[in-house]
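1. this is a predicted model, with the sequence first.
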Amino acid sequence: MPALYRLAMLERGIASILHRDTIAVIVGSKTFERGEACFAARRVLEVQVSAGELRGSVKPQEMGRANYKCRIWLREEGVAYECTCPMGIKLMFCKHAVAIALAHLDQERADAEKGLTILREALSTITQPQLVDGLLQLARRDHDLATDLKRLALDALSRRDS
Ligand SMILES: [Zn+2]
């Protein structure tokens, strides 16, 4: 398999396993809840994603301890993880791994939202006929989008008439 393709697969792979439900199933509800609390307490200091892995650091609850370094990545057999905390050293999926995964999901959601804000601004600058032509071109290529657009137009019409 070409290296680039494999990398893309890995990236999609880590995205597909990193859903809240999947994480909850992997780690069990107790660790998941602890991870959620850790994330909610803003103890995740940073999280980075690259080539099929997540890396992050988490502030410990105890004073005077070094920040925990945590990593989740994909292997042929499934998900692998490591953390510098006492549980992570025993190779158990710890709350920090959950917390960095949740922080990553949150970041992605915020990025997507920001992308939409920029798109809204860009779309506001073009004329309505340009917008209509553009949407029709997209609808020609994408049957589902065509259906959605028809529904959108019908909804708008019925709201205008009522
Ligand atoms: Zn840990």
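-> Okay, I see it.

2. where are the low-confidence patches of this structure?
-> Within the chain, the ranges that satisfy pLDDT under 70 run 1-18, 162.

3. got the residues of this structure near the ion?
-> 68, 83, 85, 88, 94, 96 (Cβ under 5 Å from the ion). Bear in mind the C-beta positions are built from the backbone N, C-alpha and C, glycine included.

4. same thing but at 8 Å, please
-> Within the chain, the residues that sit near the ion (Cβ under 8 Å from the ion) are 58, 68, 70, 83-88, 94-97.

5. show me where the chain has its helices.
-> Using DSSP state H, the helices of the chain run over 3-17, 20-27, 29-40, 86-89, 95-125, 128-141, 143-161.

6. tell me what angle the second one forms with helix 29-40.
-> Note on geometry: by axes from the mean of the first three to the mean of the last three Cα atoms, to 10 degrees, helix 20-27 and helix 29-40 are set 130 degrees apart in direction.

7. so what touches helix 20-27?
-> Helix 20-27 is contacted by residues 16-17, 32, 35, 79, 93, 97-98, 101-102, 105 when judged by Cβ atoms under 8 Å, 6 or more residues apart in numbering.

8. weed out the non-buried ones from those residues.
-> Buried residues within the contacts of helix 20-27, counting neighbours by 16 or more other Cβ atoms under 10 Å: 32, 35, 79, 93, 97-98, 101-102, 105.

9. between the residues you listed, which sits nearest the ion?
-> Closest to the ion out of the buried ones among the contacts of helix 20-27 is residue 97 (6.2 Å), distances taken as Cβ to the ion.

10. bridged to the spatially closest residue to the closest one that is not a sequence neighbour, which residues?
-> Once flanking residues are discounted, residue 97 sits nearest to residue 81: 4.8 Å by Cβ to Cβ, 6 or more residues apart in numbering. Assessed by DSSP bridges, residue 81 has beta-bridge partners residue 72.

11. now do the contacts for residue 81.
-> 70-73, 88, 93-94, 97.

12. export those to TSV and tack on distance to residue 112?
-> Shown next, in TSV, are those (distance: Cβ to Cβ, whole Å):
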residue	distance to residue 112
70	24
71	24
72	21
73	23
88	30
93	27
94	28
97	23
